[in-house]
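Trainee: Have a look; sequence and predicted model below, questions after that.
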Amino acid sequence: MKLTVDTSLAVPVFQQIVDQIHFAVNAGELRPGDRLPSIRGLAADNDIAANTVAKAFRQLEFRGVISARDRSGFEVNAAAASRYQSRGVSADKTEVHSVVDHLDAGIIPGAFCKVTEDFLGGDPEKCNIIHADGAGTKSIIGYLQYKESGDPGVFKGIAQDSIVMNLDDLLCVGVSNRILISNTINRNALNCPGEVVSALIEGSEQFLAQLRDQGVSIYSGGGETADVGDLTGTLVVDSCAVAIMRKTDVIRNNFTAGLAIVGLSSTGQASYETSPNSGMGSNGLTSARHDMLAHYYADKYPETFDPNLPRDLTYCGPYRLEDALPGSSMTVGAAILSPTRSYAPVIYKALAELKGEIKGLIHCSGGAQTKCLKFGRNVHFVKDNLLPTPPLFAAIQQASGTDWQEMYKVFNMGHRMEVYVPAARVQEVIDIARSYGIAAQQIGYTDYADANHLTLTDPLGKVHLYQ
């Protein structure tokens, strides 16, 4: 394999090797299963040091592009064509679960969040749930909008994103009592001045007040703002939430065959929302940002991306933030920045009215439509009646050329909350959702299987298999 290495460039030689091999994979010149030349062979053919090649291979292995094979060198991974993984992001967090799955799973292992004894209150009949998450790279799109418009108000939606990613996970274990939440803002103070922090704090307080107006008892426990310019060129917004509940109220996600799956739409405008929602949550934003937005943003705002990313995967889309989103009344920027919807009012009402009939709740966040595979045992999840694909996700697929199989692993694709109930209770869940202006329908069912797997039929009738 002949490489083009230029030692006069500012880009390190190992990075040049990484970029060229990664490009060859993305372009189809190297295919899954293809073996790469040996480290020594590639070094000799290109007159470079073997340890430089080894360093490049380690970086490619970290990205998930190649894997070492015993006594046979390296080969291209089957999943190497994943644009999401190629950007240093994992849709299913396999490497995280390989560690976490061996840790203490808490007192109710199948629950959506880890459940512990009531260490805070010492009541043996109660338990604690603590959860941490954030707005992810959606904050970077907020930063782009802020820099282009000069309006820090965009960050109020980012504050909501961070809160919802915690709150709606807590919903999935049945939390419906008091919740205490703390926010952490890590920023580059040179790029994100005080008005950005003010907007985030104001947005957080306003959103918590709106939730309380809907009967959700959630309160601020303060937070932290850290100036960490060496760690980020922009900002990172995270939250941590904690709640105490009775053990008998925990939803255990003990899925069995014969349950109906009701999907709650991620689009439209709920009665408690102030504007229409595109369906965008706070997952998949690395893909959405780079696949949708034009290289203009890479040239103007280099602080917003990892310089190690291949150029062909960096802001490689056709749109500017102010462009119209095809098939929608929204602009591209407004659609991507659409604040993450919380389903808390809907789920609170469903928990109260259906009592113990809710057998499981899945927040389709990391892993999107395949998130369900992490829960239950010997379950065949069948999703054969999905809600229509929202215009934003159709535009992302069109702009990126991403395979639909991957799209359903990265984006919610139309519903971000699933309610698992006996078939006789489906209409009640749908009616509750509709009372809040949220579309809902039975999107599938569960069946028995030797091992968890998912059969998903998209709105065009194509079947996708996951396990």
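Mentor: Thanks, I have the structure now.

Trainee: average pLDDT across the helix or strand harbouring G142?
Mentor: Using DSSP states H and E, the element containing G142 is helix 138-149. Summarised as a single mean, pLDDT over helix 138-149 is 97.

Trainee: List the buried residues for that helix?
Mentor: Buried residues in helix 138-149, counted by 16 or more other CB atoms under 10 Å: 138-148. (Each C-beta comes from the backbone N, C-alpha and C, glycine too.)

Trainee: And for stretch 204-219?
Mentor: So, applying 16+ other CB under 10 Å, buried residues of stretch 204-219: 204, 207-208, 211, 214, 216, 218.

Trainee: Now those residues in TSV, please, with extra columns for secondary structure, pLDDT and distance to G153.
Mentor: As requested, the buried residues of stretch 204-219 are arranged in TSV below (DSSP: H, G, I helix; E, B strand; the rest coil; pLDDT from 0 to 100; distance: CB to CB, whole Å):
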residue	secondary structure	pLDDT	distance to G153
S204	helix	97	13
F207	helix	97	13
L208	helix	97	17
L211	helix	97	19
Q214	coil	97	22
V216	coil	97	23
I218	strand	98	22
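
Trainee: Pull the most distant pair out of these.
Mentor: S204 and Q214 (16.2 Å; CB to CB).

Trainee: ok so, going back, show me what the helix holding G142 is in contact with.
Mentor: 151-152, 154-155, 157-158, 161, 191-192, 196, 234-237, 280, 282, 285, 288-289, 293, 297, 301, 304-305, 321-322, 333, 336-337 (CB atoms under 8 Å, 6 or more residues apart in numbering).

Trainee: Now, those residues that are in strands?
Mentor: Taking DSSP state E, the ones among the contacts of helix 138-149 that sit in strands are 235-237.

Trainee: Quick one: the helices in the stretch 251-400 of the chain, in order.
Mentor: 285-292, 296-300, 332-336, 344-354, 391-400 (DSSP state H, counting those that start in this stretch).

Trainee: what comes into contact with the first one?
Mentor: Residues from elsewhere that reach helix 285-292 (CB under 8 Å, 6+ apart): 83-84, 87-89, 136-138, 140-141, 280, 305, 309, 313-319, 332, 336, 392, 395-396, 399-400, 402, 410-411.

Trainee: In PyMOL, select just the buried ones from these.
Mentor: Applying 16+ other CB under 10 Å to these, the buried members can be selected in PyMOL as follows:
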select buried, resi 83+84+87+89+136+137+138+140+141+280+305+309+313+314+315+316+317+319+332+336+392+395+396+399+400+402+410+411
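
Trainee: Among the contacts of helix 138-149, name the buried ones.
Mentor: Judged by 16+ other CB under 10 Å, buried ones among the contacts of helix 138-149: 152, 154-155, 157-158, 161, 191-192, 196, 234-237, 280, 282, 285, 288-289, 293, 297, 301, 304-305, 321, 333, 336-337.

Trainee: just for the stretch 351-467 of the chain, where's the confidence low?
Mentor: Residues of the stretch 351-467 of the chain meeting the criterion pLDDT under 70: none.

Trainee: Also the stretch 101-250 of the chain?
Mentor: For the stretch 101-250 of the chain (pLDDT under 70), the answer is 101-102.

Trainee: at 90 what do you get?
Mentor: 101-105 (pLDDT under 90).

Trainee: What is the neighbour count of the closest residue to G281 other than its chain neighbours?
Mentor: Excluding the flanking residues, the one nearest G281 by CB to CB, 6 or more residues apart in numbering is T340, at 4.7 Å. The number of residues packed near T340 is 25, by other CB atoms under 10 Å.
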